[in-house]
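Visitor: no sequence on this one, just coordinates:
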């Protein structure tokens, strides 16, 4: 999605940033076959990006991070470890149309179907970021008592898919089959508390993909034993409005005398498919917020961003935005 409308099918979207600072940007792509080397791969990508920007030894003010599915949390942790200071990020997980692994990331040097891409920015103009779930917690929550990587096997010592389906049934009165209907589970992700604001929790979301042989739930995020998961619910009108709302909240962080010049808004592909014919309304609301100012919105399998407490994180069905300004 851009300021010119929604674009489906075989398309390419490009956002160009013009900056008077000629050494403001640099990017690095690294292929990863073994996830145990994610720390080294992240450092390698950062080193390439810093050399390209002619900023070796400096700390960027912003970063754009992309990866293929499965390594997002390790990438963010490695990125934070390199710089040892909170750096705002925006990012996306590569996607395909049928979850068949036909995804890739690339820069001007190379492409890969399994790896990471890091762009470091030292812009001469200000920018702000936003990262939000946009779903509401229900009263249903439980403790992950058995899991492995991205599979929840048990919640409260019960088969995870049985517990999850039971929550949905009790909350909505809708019975879902043992095989997940994609549109239904998109409406009811699992949330974990990422922090609090004015004593109110805010969440990072996990999108269920399917049930597993052990009657567990396969997710697009990592989980840990002992995590508390909450059934989240997305009201349709709330989901339609949230991308424009996240952009608006990011804008509120800027100085009053700055002029908005552009925006990136990463939107989950699952939410896009769930809303389907209402995506035109999503576009209308973003267009109303932005006017004729350029923006670009990719649809992805995961979103990376900076929570309001300053922590960088990865989630599903999230909205991650960056807004750019002139002086």
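Guide: Perfect, thanks for sending it. The structure presented is a predicted model; accordingly, all values stated were derived computationally and were not measured.
Visitor: list the contacts for residue 259?
Guide: Going by CB atoms under 8 Å, 6 or more residues apart in numbering, residue 259 touches 325, 326, 327. C-beta coordinates here come from the backbone N, C-alpha and C atoms, glycine included.
Visitor: of the residues you listed, which is the most crowded?
Guide: residue 325 (18 neighbours; other CB atoms under 10 Å).
Visitor: which residues does the nearest residue to that residue once chain neighbours are set aside contact?
Guide: Leaving aside its sequence neighbours, residue 325 sits nearest to residue 258 (CB to CB, 6 or more residues apart in numbering; 4.0 Å). Counting by CB under 8 Å, 6+ apart, residue 258 touches 126, 325, 326, 327.
Visitor: return the subset of those lying in helices.
Guide: Among these, no member is found in helices (DSSP state H).
Visitor: how about the helices in the stretch 151-300 of the chain?
Guide: Ranges of helices in the stretch 151-300 of the chain, per DSSP state H, counting those that start in this stretch, are 160-172, 182-187, 236-252, 269-275, 279-290.
Visitor: residue 66 is nearest to which of those?
Guide: Among the helices of the stretch 151-300 of the chain, the nearest to residue 66 by CB to CB is helix 269-275 (14.1 Å).
Visitor: and the contacts of the closest one?
Guide: For helix 269-275, the external contacting residues (CB under 8 Å, 6+ apart) are 95, 182-183, 186-187, 207, 234, 236, 239-240, 279, 282, 299-301, 316-317.
Visitor: what about the stretch 201-327 of the chain, any weak spots by pLDDT?
Guide: 254-257 (pLDDT under 70).
Visitor: ok, now which ones touch residue 242?
Guide: By CB under 8 Å, 6+ apart, the contact list for residue 242 reads 132, 134, 319.
Visitor: what score does the second one have for pLDDT?
Guide: This means residue 134. Here the pLDDT value assigned to residue 134 is 81.
Visitor: now it: closest residue in space, sequence neighbours ignored.
Guide: If the residues on either side of it in the chain are set aside, residue 134 comes closest to residue 242, at 3.5 Å by CB to CB, 6+ apart.
Visitor: and if you look at the last one?
Guide: Once its chain neighbours are removed from consideration, residue 319 has its nearest residue in residue 246; the separation is 4.3 Å (CB to CB, 6+ apart).
Visitor: residues near that neighbour, how many?
Guide: Neighbours of residue 246 under the rule other CB under 10 Å: 28.
Visitor: now do the SS call for residue 308.
Guide: Under DSSP: H, G, I helix; E, B strand; the rest coil, residue 308 falls in the coil class.
Visitor: tell me how far it lies from residue 93.
Guide: Relative to residue 93, residue 308 is positioned 22 Å away (CB to CB, to the nearest Å).
Visitor: these two: who's more crowded?
Guide: The neighbour comparison of residue 308 against residue 93 (other CB under 10 Å) goes to residue 93, with 27 against 15.
Visitor: list only buried entries from the contacts of helix 269-275.
Guide: When burial is judged by neighbour count using 16 or more other CB atoms under 10 Å, the buried members of those are 95, 186-187, 207, 234, 239-240, 279, 282, 299-301, 316-317.
Visitor: between those, which is nearest residue 165?
Guide: Using CB to CB, residue 187 comes nearest to residue 165 of the buried ones among the contacts of helix 269-275, at 13.4 Å.
Visitor: so which bits of the strand or helix carrying residue 26 are buried?
Guide: Taking DSSP states H and E as the definition, residue 26 sits inside strand 25-31. Using 16+ other CB under 10 Å as the test for burial, strand 25-31 gives 25, 26, 27, 28, 29, 30.
Visitor: fine by me, we can end here.
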